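[1] Sequence and predicted model, in that order:
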Amino acid sequence: MEPHAVRALENATLIDGTGRPPIEGASVLISGDRIVRVAQATIPVPPEVRRIDGSGQYLIPGLVDRELLDLPVNR
């Protein structure tokens, strides 16, 4: 992926880590490795932006899948 690629993750359930209720149908606009916008609805973006359907998925800050870390590295 290009270092400054722009992606829009749409329709996910966002858990922001503040203790507030989850936000269903959230969209997150990502540029490179930075989150540049979060909205409770679809974010209008140019047609060249890669859109990723997050339906049925959760966005949770800082979550690392421990089971993935324990997998052996393929060499």
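    Yes, it's here.
[2] switch to C-alpha atoms for all contacts and neighbour counts from now on
    Noted.
[3] Do you know the pLDDT at Arg34?
    Confidence at Arg34, expressed as pLDDT, is 87.
[4] number of nearby residues for the closest residue to Val28 other than its chain neighbours?
    Counting by CA to CA, 6 or more residues apart in numbering, Val28 lies nearest to Val38, which is 4.6 Å off, once chain neighbours are set aside. Neighbourhood size, Val38 [other CA atoms under 10 Å]: 17.
[5] Kindly report the same for Ile15.
    17.
[6] what about it, distance to Pro47?
    Distance from Ile15 to Pro47, counting by CA to CA, to the nearest Å: 27 Å.
[7] Then Pro61?
    Counting by CA to CA, the gap from Pro61 to Pro47 is 27 Å.
[8] more neighbours, these two?
    Pro61 (10 against 7).
[9] Specify the local secondary structure of the more buried one.
    At Pro61 the chain is in coil, as set by DSSP: H, G, I helix; E, B strand; the rest coil.
[10] how close does Glu48 get to Gly17?
    Relative to Gly17, and taking CA to CA, Glu48 is found at 31 Å.
[11] Neighbour count: those two, which is higher?
    Ranked by neighbour count (other CA under 10 Å), Glu48 and Gly17 place Gly17 first, with 11 against 8.
[12] isn't that one right up against Pro61?
    Yes. With contacts counted by CA atoms under 8 Å, Gly17 reaches Pro61, the gap being 6.7 Å.
[13] what does the helix or strand where Thr13 lies contact?
    Assigned by DSSP states H and E, Thr13 falls within strand 6-14. With contact meaning CA atoms under 8 Å, 6 or more residues apart in numbering, strand 6-14 is reached by 22-32, 41-43, 45, 49-60.
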